[in-house]
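Chemist: coords please:
(chains A and B)
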Amino acid sequence: MDVIIENLPQYWDGFLRTLFLSVVSGIIALVFGTVLAAARVSPVAALRGFSMTYVEIVRNTPLTIAFFFAAVVLPRLGVTFQQFEVAAIIALSAYTSAFIAEAVRSGVNSVPVGQAEAARSIGMNFSQVLSLIILPQALRTVIPPLINILIALVKNSSVAGAFYVLELFGQGKQLANANGDAVMWVLVGVAFFYLLITIPLGYLASVVERKVAIAR
Amino acid sequence: MTTQVPGDALVSLKAVNKHYGQLHVLKDINLNVRKGEVVVVIGPSGSGKSTLCRAINRLETIDDGDIKIDGKELPAEGKELAKLRADVGMVFQSFNLFAHKTILENITLGPIKVKGVPKGEADKDAMALLERVGVGQQAPKLPAQLSGGQQQRVAIARALAMKPKVMLFDEPTSALDPEMINEVLDVMVQLAKEGMTMIVVTHEMGFARKAADRVVFMADGQIVEDATPEEFFNNPKSNRAKDFLSKLLTH
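Modeler: Numbering: from 1, shown residues only, chains lettered A, B, ... in the order given. Below you'll find the model as predicted:
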C-alpha cells in the first residue's frame, strides 16, 4: 500500500489527465452525438444516410482503431498534433459520439409521435420541434444510457495510456515498471482513482433522472 | 353533391389520391370548404376520414392531386410548410398537449416561438383563451394533472392561439369518457357560431346536426355524399350511407 502513498503525485497527475480527457471528450461527444441523432431523424435523406453510416462504422469497430486512426493515420495525412492528448480526445469523442447518437435516437423514438405532430401543426420547424418538444422529453429516458456511455468513456480513456498519454493508466504502467514488487497495489491505486470518477457519475445519474422525470 | 364556386374556397382538395401500400385510402377526393363553413366528415372506421383531415396540413403526404389553403398550394417541406401550418389549427384525438410544459406554456409556445409575439402579450392572450374554454384555473398545471375533457379544451385553445384560418378536428371526442364529451362539443359549437371555418371528423351525430353546414360522408376512401345535415340524416341517397345510419340509430 505504501507504493500508492509514496507515488500520490503521479497518481494525482494521471487522475487529472484522465478527468480532463473524459470531460473534454464527453462534452464534444454529447454535442456531436446529439447532432448525429438529429441528422438521423431529419427530413434530409443525405443527412440520415451520413449519420447512419458513421454510427454503424464507428460503433462496430474497436476503439483502438479509432486511436490508431487519430494518432497514426491523421498525422500522415498532414494533420499533426503538438500533444498526443489531442489525438486521444479526437479518438475518444469520435468513438463515443456514435454511442451517444444511438442513445439519443432511442430517446427521441420514445417520445410519442403525437408530440411532434402537435408541434408541427402549430407551425414549428424541424429544429424547433426537436429542441423545444422532443429532446426535453427524451432527456428522461436518455439519462441512464447516457451516463453508462460516459462511464464507459472514462474507462475507455485508458487506451490513451498506450498512445503516450500519461493519464491514470499510463502512470500506472510506469509505476508498475518502477515497482515490480508491488504491481498489485499499483493497480489497486489505479482502480481506486477510476472509481473516484465513475461512482459519482452513476450517483449523478439517479439524481438527474429524478429531477427530469415527467408525468404523462 | 352541392356545387360551389372554387375561387370562394378556403380549403380546396382536387383529385387527391393516397395509398398505403396496396390500400387505396383516399380515392379521387374533391372537396371545397368555404370561409366560415363547418364541414363534418363522418363514415365508418377505415374510410379515410382521419387521413383526409391529416392530409390538409400535410401530416400525411398525398400521392397526387392538389390541396390549397386560401388559394395557396400546400408546400412540400420546410419553412413554407411550417408557415402554412401555423394558419391551420389542428386538434387531435389524443390531445397531444406538450407533456413537459404547463398548460399556459402549451398555449404560448406557438405564438412566442413561431410568430414572435412578446411573452407578456402571449400570456395575456393565452389566459383569455383558457378562460374562454373554461380552464383558466388550470394554467399553472401540467397536462397530466387535467382530465381528458380539460386537456382537449386546452388543445383547442392552443390551436386558436395561432389565430388560424381554419380548424381541423380529428375525432376530438373519441378518446373521452362520455361525461366529458359535451364540454368539448360545447366549445366547438361556440366556435362554429363565432364563424370559425371548421373541418370536423367525428362520430358525434348530435354535433353534426347542431353545428354543421355540410355533412361529408366517406366510405372506402371516397366521398359518397356531401349534403346538408337535414338532407343527409333524413334522406340519405346512397345505400352505403343508409346502411351506416341504420347501424347508428339502432343503439
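Chemist: what about A:Val207, how many residues close to it?
Modeler: Using other C-beta atoms under 10 Å in any protein chain shown, the number of residues around A:Val207 comes to 10. Backbone N, C-alpha and C define where each C-beta goes, glycine included.
Chemist: That one falls within a strand, correct?
Modeler: No - assessed by DSSP: H, G, I helix; E, B strand; the rest coil, A:Val207 does not belong to a strand; its assignment is helix.
Chemist: quick one: buried residues of stretch B:188-202?
Modeler: Burial within stretch B:188-202, assessed by neighbour count using 16 or more other C-beta atoms under 10 Å in any protein chain shown, is assigned to B:188-189, B:191-192, B:196-202.
Chemist: Any chance of those in JSON lines with pLDDT as columns?
Modeler: Written out in JSON lines, the entries for the buried residues of stretch B:188-202 read as follows (pLDDT from 0 to 100):
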{"residue": "B:Met188", "pLDDT": "94"}
{"residue": "B:Val189", "pLDDT": "94"}
{"residue": "B:Leu191", "pLDDT": "93"}
{"residue": "B:Ala192", "pLDDT": "93"}
{"residue": "B:Met196", "pLDDT": "94"}
{"residue": "B:Thr197", "pLDDT": "95"}
{"residue": "B:Met198", "pLDDT": "95"}
{"residue": "B:Ile199", "pLDDT": "96"}
{"residue": "B:Val200", "pLDDT": "96"}
{"residue": "B:Val201", "pLDDT": "95"}
{"residue": "B:Thr202", "pLDDT": "92"}
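Chemist: just curious, which of those residues is nearest to chain A?
Modeler: Of all those, the one with the least separation from chain A (C-beta to the nearest C-beta) is B:Ile199, at 13.4 Å.
Chemist: thought the closest one was touching B:Val41?
Modeler: Yes - the pair formed by B:Ile199 and B:Val41 meets the contact definition of C-beta atoms under 8 Å, at 6.6 Å.
Chemist: list residues touching both of these two?
Modeler: In terms of C-beta atoms under 8 Å, 6 or more residues apart in numbering or on different chains, B:Ile199 and B:Val41 are both contacted by the residues B:Cys53.
Chemist: Tell me how far A:Thr61 lies from chain B.
Modeler: From A:Thr61 over to chain B the distance is 35 Å, taken as C-beta to the nearest C-beta, to the nearest Å.
Chemist: circling back: the buried residues of stretch B:188-202 into TSV, with extra columns for secondary structure?
Modeler: Compiled in TSV, these are given as follows (three-state DSSP):
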residue	secondary structure
B:Met188	helix
B:Val189	helix
B:Leu191	helix
B:Ala192	helix
B:Met196	coil
B:Thr197	strand
B:Met198	strand
B:Ile199	strand
B:Val200	strand
B:Val201	strand
B:Thr202	coil
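Chemist: Identify, from those, the entry nearest to A:Leu139.
Modeler: Top of the list for closeness to A:Leu139, among these and by C-beta to C-beta, is B:Val201 at 33.8 Å.
Chemist: Okay, A:Glu56 and chain B: tell me how far apart.
Modeler: According to C-beta to the nearest C-beta, A:Glu56 stands 26 Å off from chain B.
Chemist: What residues of the helix or strand where that residue lies count as buried?
Modeler: A:Glu56 is part of helix A:45-59 when elements are defined by DSSP states H and E. The neighbour-count criterion (16+ other C-beta under 10 Å) identifies A:47, A:51, A:54-55, A:58 as the buried residues of helix A:45-59.
Chemist: So which other helices or strands are in contact with it?
Modeler: When contacts are defined as 3 or more C-beta pairs under 8 Å, 6 or more residues apart in numbering or on different chains; DSSP states H and E, helix A:45-59 packs onto helix A:8-41, helix A:84-110.
Chemist: and B:Lys141, which of these is closest to it?
Modeler: Closest of the helices and strands packed on helix A:45-59 to B:Lys141 is helix A:84-110, at 23.5 Å (criterion: C-beta to C-beta).
Chemist: Endpoints of stretch A:54-64, how far apart?
Modeler: Taking C-alpha to C-alpha, to the nearest Å, the span from the opening residue of stretch A:54-64 to its closing residue is 17 Å.
Chemist: Pick the most buried one from the helices and strands packed on helix A:45-59.
Modeler: Neighbour counts (mean count of other C-beta atoms under 10 Å in any protein chain shown) averaged over each of the helices and strands packed on helix A:45-59 peak at helix A:84-110, with a mean of 22.
Chemist: What is the subsequent helix or strand relative to that helix?
Modeler: Scanning forward in sequence from helix A:84-110 by DSSP H and E, the next helix or strand is helix A:113-121.
Chemist: That following helix: which residues count as buried?
Modeler: Burial within helix A:113-121, assessed by neighbour count using 16+ other C-beta under 10 Å, is assigned to A:114-121.
Chemist: Against B:Met196, how distant is the residue in chain B that chain A sits nearest to?
Modeler: Nearest to chain A, among the residues of chain B, is B:Ala86, at 2.8 Å (C-beta to the nearest C-beta). Separation of B:Ala86 from B:Met196 (C-beta to C-beta, to the nearest Å): 16 Å.
Chemist: Equivalent analysis for B:Gln138, please.
Modeler: 23 Å.
Chemist: again, but for B:Glu231
Modeler: 23 Å.
Chemist: swap in A:Arg210?
Modeler: If you measure A:Arg210 against B:Met196 using C-beta to C-beta, the figure is 43 Å.
Chemist: repeat for A:Leu135
Modeler: Relative to B:Met196, and taking C-beta to C-beta, A:Leu135 is found at 33 Å.
Chemist: element containing the closest residue to chain B within chain A?
Modeler: Ranking the residues of chain A by distance to chain B (C-beta to the nearest C-beta) places A:Gly123 first, at 2.8 Å. Counting by DSSP H and E, no helix or strand carries A:Gly123.
Chemist: Skipping its backbone neighbours, what lies nearest it in space?
Modeler: Counting by C-beta to C-beta, 6 or more residues apart in numbering or on different chains, A:Gly123 lies nearest to B:Ala86, which is 2.8 Å off, once chain neighbours are set aside.
Chemist: Name the residues of the stretch 151-251 of chain B found near chain A, please.
Modeler: Where proximity means C-beta under 8 Å from any C-beta of the partner chain, the interface of the stretch 151-251 of chain B facing chain A comprises B:155, B:158-159, B:161-162.
Chemist: hmm, try it at 10 Å
Modeler: Remark: the part of the stretch 151-251 of chain B in contact with chain A comprises B:155, B:158-159, B:161-162, B:164, B:168, B:170, using C-beta under 10 Å from any C-beta of the partner chain.
Chemist: Tell me the most packed of the residues you listed, by neighbour count.
Modeler: Neighbour tally across these (other C-beta under 10 Å): the maximum, 30 neighbours, falls on B:Arg158.
Chemist: and it, that one's in a strand?
Modeler: No - assignment of B:Arg158 by three-state DSSP gives helix, placing it outside any strand.
Chemist: Show the contacting residues for it.
Modeler: By C-beta atoms under 10 Å, 6 or more residues apart in numbering or on different chains, the contact list for B:Arg158 reads A:118, A:121-122, B:89-91, B:95-98, B:103, B:106-111, B:126, B:129-130, B:133.
Chemist: Need the pLDDT of it.
Modeler: As predicted, B:Arg158 sits at a pLDDT of 96.
Chemist: Likewise for the one 10 residues further on?
Modeler: pLDDT, B:Leu168: 96.
Chemist: mind listing what's buried in stretch A:172-185?
Modeler: Of the residues in stretch A:172-185, A:172-173, A:175-176, A:182, A:185 count as buried by neighbour count, 16+ other C-beta under 10 Å.
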